[in-house]
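Engineer: Build the 3D model from these lines:
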Amino acid sequence: MHNHSPLYHGLKTWLSQVSPWAHQGHLTTCILMIVALIQAGEINLTRWVPHLPSRGLYAQSKQRRVRRWLDNPRINVHKLYQPLISAALASWQEECLYLSLDTSIFWERYCLVRVAVVHRGRTLPVAWRVLAHPSASVTFKDYQGVLQRAS
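Structural biologist: Model prediction:
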């Protein structure tokens, strides 16, 4: 596990500077997941397995490690993401930023409300919230916190 790629080392240097990690193991697993995501080219945990180094012999061991990381209550995604997005936007060269407020429905049960920067036809999430809500129509009260976090 000590022989990592230049991508791993670059991510470790960058992520160590901008994010407060509760435990170094959390950082290591996050970096390994990012590298696996890049190598697999898709957001599918099963496809990441061949790209995840592990002492575990079975694919299920690797998947459990990722699942434990994703379900860990000590990992605050918003607290980790905010410095990353701030660092990315700090050197943004555009004169004008376009923001979108978007809602998406998942399984007719959850509504994802997000604010994102629009750039070259793509969006970069700035802030988001998942609501137990069966409709994409949400009240201002429901998304006001997302706007405050984005600002």
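Engineer: Now find how far off-centre stretch 48-59 is within its chain.
Structural biologist: Relative to its parent chain, stretch 48-59 has a centroid offset of 21 Å by C-alpha atoms, centre = their mean, to the nearest Å.
Engineer: Not counting the helix ranked longest in the chain itself, show me its contacts.
Structural biologist: In the chain, with assignment by DSSP state H, the single longest helix is helix 24-40. With C-beta atoms under 8 Å, 6 or more residues apart in numbering as the test, helix 24-40 has contacts from 5, 7-8, 11-12, 15-16, 19, 21, 43, 47-53, 65-66, 69, 72, 74-75. All C-beta spots, glycine's among them, are computed from the backbone N, C-alpha and C.
Engineer: Ok, stretch 113-132 next?
Structural biologist: With C-beta under 8 Å, 6+ apart as the test, stretch 113-132 has contacts from 78, 85, 88-89, 94, 97-104, 109-112, 138, 142-143, 145-147, 149-150.
Engineer: residues contacting residue 110?
Structural biologist: 130, 131, 132, 133.
Engineer: Let's see that with 6 Å instead.
Structural biologist: Residues in contact with residue 110 (C-beta atoms under 6 Å, 6 or more residues apart in numbering) are residue 130.
Engineer: ok, which stretches of the protein are strands?
Structural biologist: In the chain, the strands defined using DSSP state E lie at 98-106, 110-119, 122-132.
Engineer: Which residues belonging to the second one are considered buried?
Structural biologist: Neighbour-count burial for strand 110-119 flags 111, 112, 113, 114, 115, 116, 117 (criterion: 16 or more other C-beta atoms under 10 Å).
Engineer: Send over the helix or strand bottoming out on mean pLDDT in the chain as PDB, restricted to the C-alpha atoms.
Structural biologist: Of all helical and strand segments in the chain, the minimum by mean pLDDT, DSSP states H and E falls on helix 77-90, at a mean of 77. Provided in PDB are the C-alpha atoms of helix 77-90 (Å, rounded to 0.1, in the frame of the first residue of the first chain):
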ATOM      1  CA  VAL A  77     -19.400  15.900   3.600                       C
ATOM      2  CA  HIS A  78     -20.300  19.600   3.600                       C
ATOM      3  CA  LYS A  79     -17.500  20.400   6.000                       C
ATOM      4  CA  LEU A  80     -15.000  18.600   3.700                       C
ATOM      5  CA  TYR A  81     -16.400  19.900   0.400                       C
ATOM      6  CA  GLN A  82     -16.700  23.600   1.300                       C
ATOM      7  CA  PRO A  83     -12.900  24.300   1.400                       C
ATOM      8  CA  LEU A  84     -12.500  22.300  -1.800                       C
ATOM      9  CA  ILE A  85     -15.100  24.200  -3.800                       C
ATOM     10  CA  SER A  86     -13.900  27.500  -2.200                       C
ATOM     11  CA  ALA A  87     -10.300  26.800  -3.400                       C
ATOM     12  CA  ALA A  88     -11.500  25.800  -6.800                       C
ATOM     13  CA  LEU A  89     -13.600  29.000  -7.200                       C
ATOM     14  CA  ALA A  90     -10.900  31.300  -5.700                       C
END
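Engineer: Perfect, that will be all.
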